[in-house]
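using only what follows, build the 3D model:
(4 chains)
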Protein chains: 2
Amino acid sequence: MTLSRLLVYQFVAKLLVMKNTEEKSKYHHGDLRETLLLVATEMLQESGIKEVSLRKLASRVGVSRTAPYHHFKDKNALLCGIAEKGFEQLHQINKCGSKLEEISVKERFYRFIHDYIQFANNNPELYELMFGRTIWKDKSSTLELRDSAYPCFQFQVDMTQEWQKQGLFNIDDNALRVSQILWGTVHGIAKLFIDGIYTDNSKIDEICDYAVRLFLSNST
Amino acid sequence: MTLSRLLVYQFVAKLLVMKNTEEKSKYHHGDLRETLLLVATEMLQESGIKEVSLRKLASRVGVSRTAPYHHFKDKNALLCGIAEKGFEQLHQINKCGSKLEEISVKERFYRFIHDYIQFANNNPELYELMFGRTIWKDKSSTLELRDSAYPCFQFQVDMTQEWQKQGLFNIDDNALRVSQILWGTVHGIAKLFIDGIYTDNSKIDEICDYAVRLFLSNST
DNA sequence: GTGATAACTAGACAGTGTCAACTTTGAGGC
DNA sequence: GCCTCAAAGTTGACACTGTCTAGTTATCAC
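As a prediction, the model looks like this:
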């Protein structure tokens, strides 16, 4: 709903900017909110969250220091906006992986673990932000962020339920709890990698292998 | 308790300073390095890493803004110093848990998981610092930090080896890899709790139960 | 056209980490 | 006991940061 309104707004804004001449005054940017999110994500991926400052962002986009405040309540809201898109991406990856019907359940389970950790590894700074306390602790998470993150969380529980039905895990176990352990595992491994404690990236496949083995040594 | 220890410590430090005359000049603090670490840890636990600034710390200790720079190269070095002590604590907890010979291996395994997550939960800000990218990424970790952290990491591998010998895990598996999965799991769950994504602390015991069950459903 | 209002700007303030230059102090060699 | 010197502590300064207030400009609805 907010998204659709946003899209309408962007469309209108672009029309307005291009209305007469392409060299229309730039006092109004036209699509500043989305541009800010894009450039901020770029800065994040390039040089880490520590280098993302509203002032640098603004100057990079070509607006004044305080312009972003008309689109985001504060810096936290901007960060939530970035994380939002991250969750949409991750959700998409999970959905794709679970759809592969030509491979066995066990392989799909491996794929989930592997793709998850790979996503974190390919987008370390984004992942750090998405699951960091900066945006989650102290109820600082935006409503929109929660709207984008919760379905992603829920999907992991749904997948676990599916795995139970297919015999990977005990059907009598509480799916939420099992999912919390599984997610904890991939999250923990991902974190240890991207935080620089596990350093040998070339071992990711092997580690995923072991994870699958430890969890499934009893099944099938 | 931390506070009382701090006060005792400061008292002793002051005693040393006042060795001869009680109104000895306070120009030299006497034990600024250790006091800084203690008070900084306090500030960290009280109100989070975001509230720990060198200037506030200095004023709280009663010295000038730049005094800490004579004992720590920069803020990062101070944070490493705090984390160092955290690792010593965690190592101690692990060692204690592994010594309980009157309970079964399986119970000791449960205790490891439980105590680990409990430690993180009791010291969320400290744990966050200890394993955060702030001090680990970009080779910013101090030599002293690594000296205190690596034995702690190694101990988890040693424990895993012990568990293998006792039949909890396949003896032929690579102990390092198994340990990486196990540690990943407890680390991930701990992080999800302290970062505010898993919110129901009352479920910690149950979650630990499930973790043990998932890993050990094949053994014994 | 005419408000109203959304979008944007500049100025200001209180923070931050850290560098350089200066002062005080205590310990060790004479 | 004095003198030196390095260690410990000081103030001033700089370049940053997020965010508030007040003012300006462009655009939309009427």
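
quick one: name the residues of chain A near DNA strand C.
Neighbours of DNA strand C within chain A, by CB under 7 Å from any atom of the strand: A:9, A:27-30, A:32, A:58, A:63-67, A:69-71. C-beta: built from backbone N, CA, C; applies to glycine.

how near is the closest residue to residue A:124 other than its chain neighbours to residue A:119?
Distances taken as CB to CB, 6 or more residues apart in numbering or on different chains place residue A:194 nearest to residue A:124, at 3.9 Å, with adjacent residues excluded. Remark: distance between residue A:194 and residue A:119 (CB to CB, to the nearest Å) = 11 Å.

right, and the residue nearest to residue A:124 touches residue A:129 too?
No: look at residue A:194 against residue A:129 with CB atoms under 8 Å: they stay out of range, at 11.1 Å.

what helix or strand is the residue nearest the centre of chain A located in?
Residue closest to the mean C-alpha point of chain A, counted by CA atoms, centre = their mean, is residue A:86 at 2.4 Å. Per DSSP states H and E, residue A:86 falls inside helix A:75-99.

neighbours of the nearest residue to residue A:163 once chain neighbours are set aside, how many?
Leaving aside its chain neighbours, residue A:163 sits nearest to residue A:169 (5.5 Å; criterion: CB to CB, 6+ apart). Counted with other CB atoms under 10 Å in any protein chain shown, residues neighbouring residue A:169 total 24.

which helix or strand contains residue A:169?
Using DSSP H and E, no helix or strand contains residue A:169.

what residues are up against it?
A:160, A:163, A:178, A:219, B:214 (CB atoms under 8 Å, 6 or more residues apart in numbering or on different chains).

which pair in the residues you listed spans the largest distance?
A:160 and A:219 (13.4 Å; CB to CB).

of these two, who's got more company?
Just comparing residue A:160 and residue A:219: by other CB under 10 Å the higher neighbour count belongs to residue A:160, 25 against 16.

spit out the contact partners of the more buried one.
Listed by CB under 8 Å, 6+ apart, the contact set of residue A:160 reads A:169, A:175, A:178, A:179, A:182.

give me the pLDDT for the residue nearest to residue A:89 when sequence neighbours are not counted.
In space, and not counting its chain neighbours, residue A:89 is closest to residue A:119: 7.5 Å by CB to CB, 6+ apart. Here the pLDDT value assigned to residue A:119 is 97.

ok, residue A:119 to DNA strand C distance?
32 Å (CB to the nearest atom of the strand, to the nearest Å).

tally of neighbours for that residue?
19.

what of residue A:191?
28.

for the residue lying closest to it once chain neighbours are set aside, what are its contacts?
In this structure, residue A:191 finds its nearest non-sequential neighbour in residue B:191, 5.9 Å apart by CB to CB, 6+ apart. Shown in contact with residue B:191 (CB under 8 Å, 6+ apart): A:131, A:187, A:188, A:191, B:120, B:131.

which helix or strand contains residue B:191?
Going by DSSP H and E, residue B:191 is part of helix B:175-194.

following that helix, which helix or strand comes up?
Next in sequence after helix B:175-194, counting helices and strands by DSSP H and E, comes helix B:204-216.

could you give the angle of that following helix to helix A:175-194?
80 degrees (axes from the mean of the first three to the mean of the last three CA atoms, to 10 degrees).

select only the buried ones of the residues of chain A next to DNA strand C in PyMOL?
Buried residues within these, by 16 or more other CB atoms under 10 Å in any protein chain shown, are selected in PyMOL with:
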select buried, chain A and resi 29+30+32+58+63+67+71
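
quick check, nearest of the residues of chain A next to DNA strand C to residue B:203?
The closest of those to residue B:203 turns out to be residue A:71 (CB to CB; 38.2 Å).

hmm, that closest one is touching residue A:33, no?
Yes: Residue A:71 lies in contact with residue A:33 (CB under 8 Å); the separation is 4.1 Å.

pull out the buried positions in stretch A:169-178.
A:169, A:173, A:175, A:177, A:178.

state the pair within those residues that is farthest apart.
A:169 and A:177 (10.5 Å).

coming back round to it: for DNA strand D, see how far away the residue nearest to the centre of chain A is.
For residue A:86 relative to DNA strand D (CB to the nearest atom of the strand), the value is 19 Å.

list the contacts of that residue.
A:123, A:126, A:127, A:129, A:130.

neighbour-wise, which of those leads?
residue A:130 (27 neighbours).

pretty sure that residue is touching residue A:89, no?
No: judged on CB under 8 Å, residue A:130 makes no contact with residue A:89 at a distance of 9.4 Å.

distance of residue A:96 relative to residue B:86?
Taking CB to CB, one finds residue A:96 at 40 Å from residue B:86.

in JSON lines, list the contacts of residue A:169 along with pLDDT and distance to residue B:52.
As requested, the contacts of residue A:169 are exported to JSON lines (pLDDT from 0 to 100; distance: CB to CB, whole Å):
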{"residue": "A:160", "pLDDT": "97", "distance to residue B:52": "39"}
{"residue": "A:163", "pLDDT": "96", "distance to residue B:52": "43"}
{"residue": "A:178", "pLDDT": "97", "distance to residue B:52": "38"}
{"residue": "A:219", "pLDDT": "56", "distance to residue B:52": "47"}
{"residue": "B:214", "pLDDT": "95", "distance to residue B:52": "37"}
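
just send the residues you listed back as TSV, with distance to DNA strand D too.
Supplementary listing: the contacts of residue A:169 in TSV, determined by distance: CB to the nearest atom of the strand, whole Å:
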residue	distance to DNA strand D
A:160	37
A:163	42
A:178	39
A:219	49
B:214	41
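
excluding its backbone neighbours, what's nearest residue A:82?
Counting by CB to CB, 6+ apart, residue A:41 is the residue found nearest to residue A:82 once chain neighbours are left out, at 5.3 Å.

tell me which residues of the helix or strand in which the one you found is found come out buried.
Residue A:41 belongs to helix A:32-47 when assigned by DSSP H and E. Within helix A:32-47, the residues that count as buried by 16+ other CB under 10 Å are A:32, A:33, A:34, A:35, A:36, A:37, A:39, A:40, A:41, A:43, A:44.

same question, stretch A:193-200
Neighbour count says stretch A:193-200 has A:193, A:194, A:195, A:196, A:197, A:198 buried, by 16+ other CB under 10 Å.

from start to finish, how long is it in a straight line?
This stretch, stretch A:193-200, spans 8 Å end to end (CA to CA, to the nearest Å).
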